[in-house]
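Participant: what follows is a predicted protein model with its sequence.
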2 protein chains.
Amino acid sequence: MTTDELFAAVAVTGWRRAIGFTERLLSSLSDEGLFLEVAPHRNRVYYIVGHLTATHDRLIDMLELGQRLHPEFDELFLDNPDRTFPDELSPTQLRDAFNTVNEKVTHGVEAMSPLDWLKRHSAVSEEEFDTDPKRNRLAVLQSRIGHVMYHNAQIRLLATS
Amino acid sequence: MTTDELFAAVAVTGWRRAIGFTERLLSSLSDEGLFLEVAPHRNRVYYIVGHLTATHDRLIDMLELGQRLHPEFDELFLDNPDRTFPDELSPTQLRDAFNTVNEKVTHGVEAMSPLDWLKRHSAVSEEEFDTDPKRNRLAVLQSRIGHVMYHNAQIRLLATS
């Protein structure tokens, strides 16, 4: 492997591990468990899974991996807090959306060439990118790995109790 | 910047951001707050901060950044669960240890050359590394960024309440 390939492979492995962690947590939770708050007055797992799905669906756009699958999740799980709307999705629909979006991101990032990671992502302007080339696709993926690990700790409050 | 320098710079920026997030959470918590459980029957912030300090102190060894500062933290915060021992450290001592260890790691990783990230870390054998060169120093840092983000979510349960 070239050094560029190694740098990229470590990032993709980190993504797969973080998603694998979430999948194991969620598979240990019953469908009823999805509707519980992770702690008193905190978000329900239902909302957190929707929020992660929406966030990862936006990655498809930001990393230019194709068409987003669930833009309708933004209003439900990014732009508004938990319980703003009635729960429209069944547990199965929510779990399926989460898995399908993650699979599309994973296949997409596995197919990226190493130097693609250093390109501008679609949410940063060319001017901003010229000023700071660290605002690249790799930085976005790294940020999302931290984001999902953060929410994993919240899900874990229920998944291990 | 070369491509190797960019890959490395994104990783180091990710570390600094995650630690900055923890620092902001902890500065919003009183010393009394450190002794609260993040949720009923969960670890206290005191233990989580000690656990992060010990984990990051071990990074100094793993990334070969010099001498560890607090090997005595392993027994208190890694090898045994919360409340195994009486609380020997004052809030100020604990906060200082956390900050000092993080500063040493940050200075160390900022001084690493890009290709150092692709070297074997001290907790993997040469044979294991030959089989999987992705088990390098970059993978360790990336894993620790996810780890601290995970625990940040636990601290946040108190820091925002």
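Facilitator: That came through fine. Bear in mind the structure is a predicted one, so any value in this text is a computation, not a measurement. Numbering: from 1, shown residues only, chains lettered A, B, ... in the order given.

Participant: for chain A, what are the low-confidence residue spans?
Facilitator: Filtered on pLDDT under 70, chain A yields the residue ranges A:160-161.

Participant: just so I have it, where are all the helices in it?
Facilitator: Here chain A has its helices, by DSSP state H, at A:3-27, A:45-62, A:73-77, A:91-111, A:126-131, A:137-159.

Participant: now for the first one, which elements pack on it?
Facilitator: The reference is to helix A:3-27. helix A:45-62, helix A:91-111, helix A:137-159, helix B:3-27, helix B:137-159 (3 or more Cβ pairs under 8 Å, 6 or more residues apart in numbering or on different chains; DSSP states H and E). (C-beta placed from N, C-alpha, C; glycine too.)

Participant: against chain B, how distant is the residue at minimal distance from the centre of chain A?
Facilitator: The structure's chain A has its C-alpha centroid closest to A:His56; by Cα atoms, centre = their mean the separation is 3.3 Å. According to Cβ to the nearest Cβ, to the nearest Å, A:His56 stands 15 Å off from chain B.

Participant: wait, that residue sits on A:Leu141?
Facilitator: No: A:His56 is beyond contact range of A:Leu141, at 10.5 Å (criterion: Cβ atoms under 8 Å).

Participant: which ones are touching A:Pro40?
Facilitator: Residues near A:Pro40 by Cβ atoms under 8 Å, 6 or more residues apart in numbering or on different chains: none.

Participant: now it: how far from B:Leu36?
Facilitator: To B:Leu36, A:Pro40 is 14 Å away according to Cβ to Cβ, to the nearest Å.

Participant: quick revisit: the residue nearest to the centre of chain A: what's its closest spatial neighbour, skipping adjacent residues?
Facilitator: In space, and not counting its chain neighbours, A:His56 is closest to A:Val101: 5.0 Å by Cβ to Cβ, 6 or more residues apart in numbering or on different chains.

Participant: so what's that neighbour up against?
Facilitator: Neighbour list for A:Val101: A:53, A:56-57, A:60, A:69-70 [criterion: Cβ under 8 Å, 6+ apart].

Participant: no further queries at this time; thank you.
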